[in-house]
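[1] next come a sequence and a model predicted from it.
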Number of protein chains: 2
Amino acid sequence: MQVHVCFTPGEYPGCGERHIAVVIDVFRATSSMAAAMFHGCKMICPVRTVEEALQLRQNEYPAALLAGERKGLLIPGFDLGNSPLEYTAAVVDGREIIMTTTNGTQALNHVSQAATVYTAAFVNAAAVCERLRNAATDVMVLCSGTEGRFALEDALCAGLIAGRLAENAVLSDTAVAALAMYRDFCCSGNMIPRVAASSHASYLRQIGYSQDVAYCLQHDIYPVVPVFTQGKVTL
Amino acid sequence: MQVHVCFTPGEYPGCGERHIAVVIDVFRATSSMAAAMFHGCKMICPVRTVEEALQLRQNEYPAALLAGERKGLLIPGFDLGNSPLEYTAAVVDGREIIMTTTNGTQALNHVSQAATVYTAAFVNAAAVCERLRNAATDVMVLCSGTEGRFALEDALCAGLIAGRLAENAVLSDTAVAALAMYRDFCCSGNMIPRVAASSHASYLRQIGYSQDVAYCLQHDIYPVVPVFTQGKVTL
């Protein structure tokens, strides 16, 4: 098994070969997805546009919650934003969710042709790695990035995953690089303030979501492996 | 001053704003350029194609050496390949060189509209950093990569440069990431074998250039700052 990391969705080479894709959007879509699935959410439909979300609720899932963000903020008329802290059992248990976000849901739809697609973040990395450990095919870790650009937090999470799989896998150069980044951040012992200084975390703080930064950097608190298949995220 | 790193030429945002561009191609174009300039080469013309190189010699520089590579190997009829070990004083002192390589010369031509363009590698990083330290404009460090993809050695060199400028500069997220990678490789104390395991280094070994890998990872042996302006690299 080879583990390869794409630092941005643009680097994803497509699906010429069978592989498992792991989509990461630490701030905050895949962190929220893990929180939602852990707290009993039945299914998440990640869609690209607000219009698509509204239509899907109207036509197929009239009881679904509408969730997501634009520029990090709640979309007018939607039930939930994109903070994992909102996805409590009281809100999501037994519910369906239709979600549209700037980076994560776009990245998911980008890799939808892969043989298998998992969603990962720091909060559920251990469970995802456990599932991947004995994979027979290559693993392509896709960082959602920020509007197509490199996102530090996603690269670090990719590094954590690459490191945990390294014993049973060959790491590509980008996987080696991501792991080196993660190790440096880890060894410094002040990962949270260092990540908090990044551009995406600074923006979240600016719009009132500073709590989310530390929350999303917690490792392994949700033992769930969300799988994206046929347009739906389930367990 | 902000320091930003582009891990591949495709990430280069163009020249809407004035900035200094620093082009890195550790394996091996900018390492060879530093060696050439240190050993007395008068001028290097980096061009995109073999045909352009031949025409330029015929029309403008009949005494120039033709240099470069395709797939890492000497181009038939050319005087020099792309190994810095070839660029000795005996060969290049007082000479003009026309060079075409797969990644480095392409990247240089990609940023030719920047206010100032320097070429950097591990071998001349200290001199380039010294020149950049009091720059009034932002610094854009462009990794040449390998055929458009991420190259570990270039990212590490970008990290070295970012780290040396950090005291007087704001580092972008990619610069922070590159620096974290470099620190992890440096701290491990076995940078050469770790970089030698990368895909580009493995390929160089396979085609007989294993010496070049360790050579190009030497830090600060050439105190030169090659400047690329109006199609020419000079000091």
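    That came through fine.
[2] tell me which residues are up against the worst-scoring helix or strand of chain A on mean pLDDT.
    Here the helix or strand of chain A ranked lowest by mean pLDDT, DSSP states H and E is helix A:104-110, holding a mean of 90. Helix A:104-110 has contacts (C-beta atoms under 8 Å, 6 or more residues apart in numbering or on different chains) with A:9, A:12, A:23, A:25, A:28-30, A:33, A:46-48, A:68, A:99, A:117, A:119, A:142-145, A:228, A:233. Backbone N, C-alpha and C define where each C-beta goes, glycine included.
[3] quick one: contacts for A:Leu204?
    With the criterion set at C-beta under 8 Å, 6+ apart, A:Leu204 makes contact with A:27-28, A:72, A:210, A:212-213.
[4] I should have written A:Leu165 there, sorry.
    Taking C-beta under 8 Å, 6+ apart, we find A:Leu165 in contact with A:1, A:3, A:129, A:132-133, A:139, A:171.
[5] just say helix, strand or coil for it.
    helix (DSSP: H, G, I helix; E, B strand; the rest coil).
[6] how much space separates it from chain B?
    Computed with C-beta to the nearest C-beta, to the nearest Å, the distance linking A:Leu165 and chain B is 17 Å.
[7] same question for A:Gly145.
    From A:Gly145 across to chain B, the span is 10 Å (C-beta to the nearest C-beta).
[8] and what of A:Gly40?
    For A:Gly40 relative to chain B (C-beta to the nearest C-beta), the value is 35 Å.
[9] and A:Val213, by the same measure?
    Distance from A:Val213 to chain B, by C-beta to the nearest C-beta: 14 Å.
[10] A:Glu86 now?
    Taking C-beta to the nearest C-beta as the measure, A:Glu86 falls 26 Å from chain B.
[11] excluding chain neighbours, what is closest to that residue?
    Nearest non-adjacent residue to A:Glu86, counting by C-beta to C-beta, 6 or more residues apart in numbering or on different chains: A:Leu80, 5.2 Å away.
[12] now the closest residue to A:Asp25 other than its chain neighbours: how far from A:Arg205?
    Leaving out its chain neighbours, the residue that sits closest to A:Asp25 by C-beta to C-beta, 6+ apart is A:Gly104, at 3.1 Å. A:Gly104 sits at a distance of 19 Å from A:Arg205 (criterion: C-beta to C-beta, to the nearest Å).
[13] neighbour-wise, which of those two wins?
    Neighbour comparison, A:Gly104 and A:Arg205: the larger count goes to A:Gly104, with 30 against 15 (by other C-beta atoms under 10 Å in any protein chain shown).
[14] which residues does the residue nearest to the spatial centre of chain A contact?
    A centroid search over chain A (C-alpha atoms, centre = their mean) returns A:Thr30, at 2.7 Å, as the residue closest to the centre. A:Thr30 is in contact with A:23-24, A:104, A:119-121, A:144, A:226, counting by C-beta under 8 Å, 6+ apart.
[15] now do 7 Å
    Taking C-beta atoms under 7 Å, 6 or more residues apart in numbering or on different chains as the contact definition, A:Thr30 lies against A:23-24, A:104, A:119-121.
[16] could you look up the SS state of it?
    What three-state DSSP gives for A:Thr30 is helix.
[17] any idea how far it is from A:Asn124?
    Taking C-beta to C-beta as the measure, A:Thr30 falls 8 Å from A:Asn124.
[18] one more: A:Thr116?
    16 Å.
[19] which bits of chain A sit near chain B?
    Within chain A, the residues that sit near chain B (C-beta under 7 Å from any C-beta of the partner chain) are A:7, A:150, A:152, A:155, A:173-174, A:176-177, A:180-181, A:183-185, A:198-199.
[20] I appreciate the help and will end here.
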